[in-house]
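1. Just the structure for this:
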Amino acid sequence: MTLPKPVERLWDELERVRGDVLGEVAGLSQRQADWKPREREWSVGEIVDHVTAAETATGKLTTKLLKEIQAGSAAAVFPHDLTEFAPPPPSPPGPAEAPPLVWPGHGKPIAELIATMKAARLRSRESIERLAGCDPRRLTFKHFRLGEMDLGQWWRLQASHEATHLQQLRDVKSAPGFPRA
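-> Purely as a prediction, here's the structure:
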C-alpha cells in the first residue's frame, strides 16, 4: 500500500528505531537480558517487554479510535493538507513512571520477547495503513502524562518513546558489571 508522505515518514522512523533496538538485543544471552545495573532499574528484557507493550497499546488505541469514525465523514479521509504530524506535547520535568498497563515482566525468555516485539510490529503496520485512511487530527485520546493527543501524535510518541528506550538499552549494556555472555 502506498502511504501518504507523512505516514510514510512516520513508518520509516518507527522502522529505523526498531531496527536499532533489534540490533542491540540480537545475540544476547538470557543472563544478559535479565541483568540489571541496579535493583530499581530495568533489564534489557524488561525494556523490550515495555516497548512492545506500549506499541501494542497504541495499536489498540488506533483500533478503538478508528471504530468511532463515521463512514463518509471528514475524519474518514486522510487530509491532503496534512504534511507532517504534530509532535507530542513535551514531557513534564522529572522521571516518568510507566502506567501499570505497560509495566514489564522480569525473566521472560529473550527469544520470546524478540518474537513478540516483531509480531507487534507486523500488527502496527496494519494500524499505520489504517491511519493512512483517516484524518488523525480528529481522533484524540488523553495520555496519562501528556494530556490530549491526536492519533498521529500517539504514533510519533511511540517512535520517540522507543528511541528513548534504545538509549536506555545501550546504557544497560555499557554499565559496569554487564555480563559478557
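
2. I'd like to know how many residues surround residue 38.
-> Residues lying near residue 38 (other C-beta atoms under 10 Å) number 8. Backbone N, C-alpha and C define where each C-beta goes, glycine included.

3. measure it to residue 181 for me?
-> Here residue 38 is placed at a distance of 21 Å from residue 181 (C-beta to C-beta, to the nearest Å).

4. What helix or strand is residue 14 located in?
-> Using DSSP states H and E, residue 14 sits in helix 5-25.

5. Please report phi then psi for the residue nearest the centre of the chain.
-> By C-alpha atoms, centre = their mean, the chain has its centre lying nearest to residue 158, at 3.4 Å. Backbone dihedrals for residue 158, given as degrees, to the nearest 10, come out at phi -60, psi -40.

6. any idea how far the helix or strand that comes right after the helix holding residue 14 is from the chain center?
-> The first helix or strand that comes after helix 5-25 along the chain, using DSSP H and E, is helix 30-34. Per C-alpha atoms, centre = their mean, to the nearest Å, the displacement of helix 30-34 from the mean C-alpha position of its chain is 22 Å.

7. If you count neighbours, what's buried in helix 30-34?
-> The neighbour-count criterion (16 or more other C-beta atoms under 10 Å) identifies 32, 33, 34 as the buried residues of helix 30-34.

8. now for whatever helix or strand comes next after it, which elements pack on it?
-> Scanning forward in sequence from helix 30-34 by DSSP H and E, the next helix or strand is helix 44-67. With contacts taken as 3 or more C-beta pairs under 8 Å, 6 or more residues apart in numbering; DSSP states H and E, helix 44-67 sits against helix 5-25, helix 30-34, helix 110-131, strand 140-143, helix 151-174.

9. The ones you listed: which one's closest to residue 102?
-> The stretch from those with the least distance to residue 102 (C-beta to C-beta) is helix 151-174; that distance is 9.7 Å.

10. Quick one: list the elements packing against that closest one.
-> Short answer (3+ C-beta pairs under 8 Å, 6+ apart): helix 151-174 packs on helix 5-25, helix 44-67, helix 110-131, strand 140-143.

11. how about those, which one is nearest residue 104?
-> Taking C-beta to C-beta as the criterion, helix 44-67 is the member of the helices and strands packed on helix 151-174 that comes nearest to residue 104, at 3.7 Å.
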